[in-house]
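# Need a 3D model of the sequence below.
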Amino acid sequence: MDNVTIDIQSDGGARASETIADLRNASEVLFFPMKLVGFWDHQAGMHLCPQEERRQQCPHTLPENDPARVDYATALQRERGANLELTFPHAGVVIYLS
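Okay, here's the model as predicted:
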């Protein structure tokens, strides 16, 4: 999977958006025709989980040493064809596109 970091810094009082919807729109515009297939919001502690959508237990938040744990990026590659990971450090958000 390719990784891109979009680091937005400001010298003045302006602040870049940290809203998932805004970051999704910016990501899809920058990398058109790719579309969002997942995200992880580290500040809010939430993510778009394919397993939870199927009413299964989420394997991504289990401890590192748990054998049932599955890496989120790997799961999105396998299940949704994710091939681009965009990290927004200012917002603590990672967006996955396919």
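
# ok now the lengthiest helix in the chain, how far from the chain's centre?
Ranked by number of residues, the top helix in the chain under DSSP state H is helix 20-30. In terms of Cα atoms, centre = their mean, to the nearest Å, the gap separating the centre of helix 20-30 from the centre of its chain is 11 Å.

# Output the contacting helices and strands for the following helix or strand past it.
For helix 20-30, the succeeding helix or strand toward the C-terminus, using DSSP states H and E, is strand 36-41. Secondary-structure packing of strand 36-41 (3 or more Cβ pairs under 8 Å, 6 or more residues apart in numbering; DSSP states H and E): helix 20-30, strand 46-47, helix 72-80, strand 93-97. All C-beta spots, glycine's among them, are computed from the backbone N, C-alpha and C.

# by how many degrees do strand 36-41 and helix 20-30 diverge?
140 degrees (axes from the mean of the first three to the mean of the last three Cα atoms, to 10 degrees).

# What angle do strand 93-97 and strand 36-41 make with each other?
Using the same axes, to 10 degrees: strand 36-41 against strand 93-97 is 170 degrees.

# then strand 36-41 to PDB, C-alphas only?
The C-alpha trace of strand 36-41 is given here as PDB (Å, rounded to 0.1, in the frame of the first residue of the first chain):
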ATOM      1  CA  LEU A  36     -12.800   6.300   0.600                       C
ATOM      2  CA  VAL A  37     -12.900   2.600   1.800                       C
ATOM      3  CA  GLY A  38     -12.000   3.200   5.400                       C
ATOM      4  CA  PHE A  39     -10.700   5.700   8.000                       C
ATOM      5  CA  TRP A  40      -9.200   5.700  11.500                       C
ATOM      6  CA  ASP A  41      -9.700   8.700  13.700                       C
END
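
# Perfect, I'm done here.
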